[in-house]
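A.B. asks: Here is my input, please return the structure:
(2 chains)
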Amino acid sequence: MELAFIIEKFALVTVIFLISLGVAAYSTLAERKIAAFLQGRVGPHRAGPHGMFQPLADGGKMFFKEEIIPSESNPILFIMGPSLALLTACIGSAVIPWGQSMVIGDTVVDLQVADINVGILYIFGVVSLGVYGIMIGGWASNNKFSLMGAIRAASQNISYEIAMGLSIIALLMVTGTLSLKEIAEQQHGFWHNGWFTWNVFNQPLGFLLFIICAFAECNRTPFDLPESENELVAGYHTEYSGFKLGAFLFAEYINMFVSSAVMATLYWGGYNYPGMDLVNEALGSTWAPLVGVAVLFAKIFLFIFFFMWIRWTIPRFRYDQLMHLGWKVLIPIGIANIVLTGVWMTLKDILF
Amino acid sequence: MNQPAIVDVSGNKETTTLNLGPTHPATHGVFQNVLEMDGERIVSGVSTIGYIHRAFEKIAEHRPFYQITPLTDRMNYCSSPINNFGWHMTVEKMLGIQMPKRVDYMRVIIMELARISDHLICNGILGVDTGAYSGFLYLMEQREHIYEIYEEICGARLTTNIGRIGGFERDFNDIAFAKIKKFIKDFPPVLREFETLFDRNRIFMDRTVGVAPVTPEVALSYSWTGPILRATGVDYDVRVAEPYSSYEEFDFDIPVGTTGDVYDRYILRNEEMWQSLRIIEQALAKVEKEPKGVFHANVPDFYLPPKEEVYNNMEALIYHFKIVMGEIETPKTELYHCVEGANGELGFYLINDGGRTPYRLHFRRPSFINYQMYAPMSRGMLLSDAIINMSSLNVIAGELDA
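C.D. replies: Residues are numbered from 1 along each chain as shown, chains lettered A, B, ... in the order given. You can find the predicted model right below:
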C-alpha cells in the first residue's frame, strides 16, 4: 500500500512535470503563432509541419549556445538566478487538482499531487519566491539595465501580490476553505439551487482583480516593465545567454501555465463543466475524470491565449502608473470587494 | 497629470550613470546618451553624436553634382526621395532650369509617398516603444507597398537615388501608376485601423499625453521645424511658406497641435499622412491632364542623354562625355534651397565657384537640429518617457550625423 502510494504520486508528479514543460514549450510556439496571426504574418513554419518542432529546435539551440558568465558578476548568484526562477515556477503546479478522483479497479487515484489544506497559501508562497530568481539574476549580472529590471520586477510583484491577496480573501469568505481540492469540488457542475456554482459568478470583481494581478505576477504586457525591450534592453536577463536565458524564458511560460490553472481552478470551476453528472454516469468513474481534465486544460489554454492576445494588442504602463494602479486603484477595490462580500453574505443569511 | 517632477539633487543623494546607447534598442540607430539617473528619473543627460558621421559635406566637395544624390539618400534613409529631389531642385535652382509641370507633379507624388513612409515608421515605432508591437507591423506592410512603387520607378527601395538633375531618369510606367492608385485605395483602411488601435487607447494616452510638452517659444528658439514644431502650434511648413515643385497648386491643410507633447506629435503625423494622401490624389489627377511622355526638362548640358543616342549620335556623345567628365560650366553662386522633409526643413546651402564640384555644401538636417533639445528636455523625466520622447522626435541616425 505504502509503495503503491509512492509509485502513484511519483507517476503523477512526473506526468504533471512533463505536461507543464510541454505546455510551456508549446506556449512559446503558440505565442509566436498567435502573434503572427494577429499581425497578419505566417509565423514559424520551417521546423516540421506548421513549425511544430520549433520548440525543440529552440531548446536545442539554447542547450548548445555558449554560456557566458560576465567576468564582473558573481558566478554563484548568476547561476542561482535562473535556476531559482525555473524551480519556483515548476513547483507551483503541485496543489492544482487536475480532475476528480479516478477509480482504477479497487484503488482511488487522486489527480492532485498534494492536497494540502493551505493550498492557496502554498501557491502564494511559491509565486512570491519567483521574484527571488529575477532579483538575484538581475543583481548578479552587474549590469545597470539588469538591476533596474530586477528592481522593477521586485517592486511590481510585491505591490500586486497585496491586491491579489485581497481578491483571494474575498474568495475565501465565499468558499470557506483554503484547500484547492475543496474549492474545486464546491464548484461541481455549473448550476445549482438557482445560481451558478462557479466562483466567477459570485466574485466577478475579485476575478477581475485576480487576473490583472496574475498578468503583473507573470510579467506579461501591459506589466512587462522588468524586461521592457525598448527601455531596459532585456531587463533582468540582459546578460544571460544559452540555457540560463532559456530557463528564465521558460519560467515565464510555466508561470503563465500555472497561473492560468490557478485562475481556472479558483474562479472558472476547475475541472467542472455543465452536465458533468450525466457524463459521470455514462462513462463511469474511471474515464469520466479524464473528460474533466480535458475541460480544465481547455480553460487553461483559453487563459494562455488571453495572455497572448493582450500582449500583442496593448502598450505597457509606465513605472509610476503601474504603482498608481497597484496601490491606489486595485488595493482599494480589493478592500471594497471584501466589504461588499461580507455585507452580501450577512444580508443573505438574514434574508434567506 | 504626467508633468515630470523636477528632481532635487541638492542633497547627498548618489546618482547612477547609465549609458543609453550607442547600441540600445530604443535609439533606433547609433547615438549615445549618457544619463545621470536618480532611480528611474533622469537628473541630467549628455548626448553624444557622430557615431556614423561619414563626412558627407566634405565628400560632396569632391563629387560632381549628380554624384551627390546618392549621399543625400543616406541621410534620412526613411524618406530618401525627399532628400534626392531636394538636392536636384537645389541644383536646378542654381542652373535656373524650369521643370515641366508634369515632372513637378510626379515629384510631388513621390515626395508625399516618402513622407507617408517616414511617418509610418515614426508612429509605428512609437507604438513599439510603448510596448504595442502589432500596429507597427500593420504599417510596415504598407511601407512595403510604397517601396514597391519606388522599385517600379527607379529600381531601388531604401536608398533610392531616384530621379536626376533635370527630371526623372525614365517615365513612370503603367504598373507604377497602377500601384500608386492601388496604394491610395488600400492605405486608408489600414491607417484608420492603426488609429483605432492607438488614438483612444487608455494606456497609450496615459503614456503619451503630457509627456515632453514643448512651448512654441522654446521650440522656435531651438530652430525646430517639421511635425514636432507644428505639434507645438506653429504653422510653419516649407511646402506653404516657400512653395517648391508646384506645391502652391495643391489644396491641403497643415495640421497643428496645441501642447507639443508626444501625443500631439503622434496625432499630427497621422493627420499629415491623410493630407499627403489628399495631395497624391490631386497630383495624380494633374499628371493625367499633362501631355504624356514628358519626364525631364530639356537641359542637354545636365541631363544625360539615353544610351542609344550616345552610341549613334554625335551631339549626344559630346554631352555625355562633358557631363561625365564634369566639363560643364556652372554659375558662380551662393544659394539656399529647402524642402519640407519628413522631419522638418531639409535645407541645402550651396556655394559654387563654377567648377565641376561644389565649393562648399552644407546640409541643414532637421534631425540634427531637432535633437539638440533632447538632453535638456529629458531632465527630470522618467526613463520610459525619455525613450518615447526620443522616438517621437523621430531622430534618424543617418540624418543626425550625415
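A.B. asks: Spit out the contact partners of residue A:227.
C.D. replies: Contacts for residue A:227 (CB atoms under 8 Å, 6 or more residues apart in numbering or on different chains) come out as A:149, A:219, A:234-237. For the C-beta atoms, the positions are set from N, CA and C on the backbone; glycine is no exception.
A.B. asks: between these, which is closest to residue B:342?
C.D. replies: residue A:234 (30.4 Å; CB to CB).
A.B. asks: Please report the distance of the nearest residue to the closest one once chain neighbours are set aside from residue A:149.
C.D. replies: Nearest non-adjacent residue to residue A:234, counting by CB to CB, 6 or more residues apart in numbering or on different chains: residue A:227, 5.7 Å away. Residue A:227 is 6 Å from residue A:149, where distance means CB to CB, to the nearest Å.
A.B. asks: shared neighbours of these two, which are they?
C.D. replies: A:234-237.
A.B. asks: Which strands or helices does the helix or strand that residue A:323 is a member of pack on?
C.D. replies: Element membership for residue A:323 (DSSP states H and E) is helix A:319-323. Counting contacts by 3 or more CB pairs under 8 Å, 6 or more residues apart in numbering or on different chains; DSSP states H and E, helix A:319-323 is packed against helix A:144-175.
A.B. asks: Show me what counts as buried in the helix it packs on.
C.D. replies: A:144-157, A:159-161, A:163-171, A:173, A:175 (16 or more other CB atoms under 10 Å in any protein chain shown).
A.B. asks: swap in stretch A:332-340?
C.D. replies: A:333-334, A:337-338.
A.B. asks: pretty sure residue A:4 is touching residue A:107, no?
C.D. replies: Yes. The criterion here is CB atoms under 8 Å, and residue A:4 meets it with residue A:107 at 7.1 Å.
A.B. asks: Those two - which one has more neighbours?
C.D. replies: Applying other CB atoms under 10 Å in any protein chain shown to residue A:4 and residue A:107 shows that residue A:107 carries more neighbours, namely 12 against 9.
A.B. asks: Retrieve the pLDDT associated with the residue nearest the centre of chain A.
C.D. replies: Closest residue to the average C-alpha location of chain A: residue A:259 at 1.7 Å, with CA atoms, centre = their mean. Predicted confidence (pLDDT) at residue A:259: the value is 88.
A.B. asks: can you pull the buried residues of the helix or strand where it lies?
C.D. replies: Using DSSP H and E, residue A:259 falls within helix A:242-266. Buried positions in helix A:242-266, judged by neighbour count with 16+ other CB under 10 Å: A:242-266.
A.B. asks: For the closest residue to chain B within the stretch 51-200 of chain A, which non-adjacent residue is spatially closest?
C.D. replies: Relative to chain B, the nearest point of the stretch 51-200 of chain A is residue A:144 (5.4 Å; CB to the nearest CB). Distance criterion CB to CB, 6+ apart; nearest residue to residue A:144, sequence neighbours excluded, is residue B:18 at 5.4 Å.
A.B. asks: Bridged to that neighbour, which residues?
C.D. replies: Residue B:18 has these beta-bridge partners by DSSP bridges: residue B:35.
A.B. asks: What about the shared contacts of residue A:227 and residue A:149, which are in strands?
C.D. replies: Using DSSP state E to define strands, no part of the shared contacts of residue A:227 and residue A:149 is located there.
A.B. asks: between the residues you listed, which is nearest chain B?
C.D. replies: residue A:234 (8.6 Å).
A.B. asks: Contact partners for that closest one?
C.D. replies: Counting by CB under 8 Å, 6+ apart, residue A:234 has contacts A:145, A:149, A:227.
A.B. asks: right, and the first one touches residue A:230 too?
C.D. replies: Going back to what we said before, that points to residue A:145. No. Contact criterion CB under 8 Å: residue A:145 and residue A:230 do not qualify, at 11.5 Å.
A.B. asks: For residue B:163, which residues are in contact?
C.D. replies: Taking CB under 8 Å, 6+ apart, we find residue B:163 in contact with B:69, B:81, B:84-85, B:88, B:107, B:110, B:154, B:169.
A.B. asks: what's the model's confidence in the top helix by length along chain B, averaged?
C.D. replies: Counting by DSSP state H, the longest helix found in chain B is helix B:101-130. Taken as a whole, helix B:101-130 has an average pLDDT of 90.
A.B. asks: Are there helices or strands packed against that helix, and which ones?
C.D. replies: Right, helix B:101-130 is packed against helix B:80-95, helix B:134-154, helix B:174-198, helix B:202-208, helix B:262-289, helix B:383-393 by 3+ CB pairs under 8 Å, 6+ apart.
A.B. asks: among those, which is nearest residue B:51?
C.D. replies: helix B:383-393 (15.1 Å).
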